[in-house]
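Trainee: Give the three-dimensional model of this entry:
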Amino acid sequence: MEEIKKVDPESAEFKEEFEKTSAFTDKVLKQFEYVYHPDTEIVTSIRNGLTRNKLIYGKRYCPCFFVTGKKEEDRVCPCQPALKEEIPNEGRCHCGIFCTPEFAKLQVDSETAEEAAHQHSRGLTKDECNAILANEQLDSDEIESLLEARELGMVEFEIVDVREWMEYQSMRIKGVDHLIPTTSFYESVEKLKGKEDLPLIVYCHVGSRSAYCQKVLKDMGFNKVGNLTRGIVSYRGELDRG
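Mentor: Numbering: from 1, shown residues only. As a prediction, the model looks like this:
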């Protein structure tokens with residue numbers, strides 16, 4: 001099994017390259033008349049991923065896709081699918097850093113409305129737990145409630161973080177069971193061997209990488225795979241750090 005590639009985000013080398021990446025993404029905005037996603041954590045996370053890939057692989061591959069060396073999967077930022085399809089059609093690129101001004105405004109309005117309407121999670125029955133685990137998309141309240149139910153022995157499932165090691169070290173959902181980074185997914189997924197019938201929940205930073213890994217896992221024969229739709233940035237439960 002290939003060892004997880006680690007980059008120290010506190011190193012001078014990383015910080016120097018991060019500044020270059022930031023200047024690069026600024027240039028992309030001006031060139032294509034995009035704006036950054038209004039959530040600054042998304043922008044920082046993607047810049048970190050681009051910096052990491054530049055240091056390890058020599059190019060700023062999009063951190064939301066596998067890095068395999070194959071032309072069809074290696075996407076250098078700003079990737080062609082984003083420029084030709086995602087941003088024109090959806091208003092944002094796959095990983096979320098680049099948006100149209102219209103999408104960014106709508107996102108701010110949506111966040112405000114959601115915060116106002118948000119209700120605190122409550123305890124679940126066993127039937128409700130199973131119903132939630134059958135869904136492909138889950139939100140923060142649902143996962144918090146499922147974790148509470150798991151502590152009470154009402155339900156079994158496992159949580160898989162598909163971000164990179166340095167993101168995992170920075171913060172992670174309390175109760176996560178596995179780290180299986182997207183960029184070394186096929187080498188690390190052996191951890192889940194024999195658990196094809198166990199419900200899994202995958203998450204990343206904003207939900208893009210985990211949605212991709214969710215599809216891969218289902219294609220590999222895992223029967224119940226849920227995705228934290230908007231990633232750890234939307235999670236209001238308890239986090240572990242360090």
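
Trainee: Quick check, E17 in contact with T51.
Mentor: Yes - contact between E17 and T51 holds when scored by C-beta atoms under 8 Å: they sit 5.0 Å apart. In short, each C-beta sits where N, CA and C put it, glycine included.

Trainee: Those two - which one has more neighbours?
Mentor: Between E17 and T51, counted using other C-beta atoms under 10 Å, the more crowded position is T51 (25 against 18).

Trainee: helix or strand right after the helix or strand bottoming out on mean pLDDT in the chain?
Mentor: The weakest-scoring helix or strand in the chain, judged by mean pLDDT, DSSP states H and E, is helix 101-117 (a mean of 67). Heading C-terminal from helix 101-117, the first helix or strand you meet, by DSSP states H and E, is helix 126-133.

Trainee: Distance check, the spatially most central residue of the chain against E164.
Mentor: Nearest residue to the geometric centre of the chain (C-alpha atoms, centre = their mean): C204, 2.3 Å. Distance, C204 to E164, using C-beta to C-beta, to the nearest Å: 9 Å.

Trainee: Can you work out which residues contact both of those two?
Mentor: Overlap of the contact sets of C204 and E164 (by C-beta atoms under 8 Å, 6 or more residues apart in numbering) consists of T182.

Trainee: Quick one: the strands in this structure, in order.
Mentor: Ranges of strands within the chain are 35-36, 98-99, 137-138, 158-161, 172-173, 178-179, 200-203, 225-228, 239-240, based on DSSP state E.

Trainee: Report the contact partners of Y212.
Mentor: C64, F65, T182.

Trainee: those helices in this structure, which residues are they?
Mentor: 12-32, 40-57, 80-81, 87-90, 101-117, 126-133, 140-151, 165-170, 185-188, 208-219 (DSSP state H).

Trainee: weakest of the ones you listed by average pLDDT?
Mentor: Ranked by mean pLDDT, those end with helix 101-117 at the bottom, a mean of 67.

Trainee: I'd like the strands of the chain laid out as JSON lines, including distance to R209, mean pLDDT and mean neighbour count.
Mentor: Shown next, in JSON lines, are these (distance: least, C-beta to C-beta, whole Å; pLDDT from 0 to 100; neighbours: other C-beta atoms under 10 Å):
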{"stretch": "strand 35-36", "distance to R209": "19", "mean pLDDT": "97", "mean neighbour count": "16"}
{"stretch": "strand 98-99", "distance to R209": "16", "mean pLDDT": "96", "mean neighbour count": "25"}
{"stretch": "strand 137-138", "distance to R209": "15", "mean pLDDT": "93", "mean neighbour count": "16"}
{"stretch": "strand 158-161", "distance to R209": "10", "mean pLDDT": "98", "mean neighbour count": "22"}
{"stretch": "strand 172-173", "distance to R209": "14", "mean pLDDT": "98", "mean neighbour count": "20"}
{"stretch": "strand 178-179", "distance to R209": "13", "mean pLDDT": "97", "mean neighbour count": "17"}
{"stretch": "strand 200-203", "distance to R209": "9", "mean pLDDT": "98", "mean neighbour count": "27"}
{"stretch": "strand 225-228", "distance to R209": "10", "mean pLDDT": "97", "mean neighbour count": "24"}
{"stretch": "strand 239-240", "distance to R209": "18", "mean pLDDT": "96", "mean neighbour count": "12"}
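
Trainee: closest one to R60 among these?
Mentor: strand 98-99 (13.0 Å; C-beta to C-beta).
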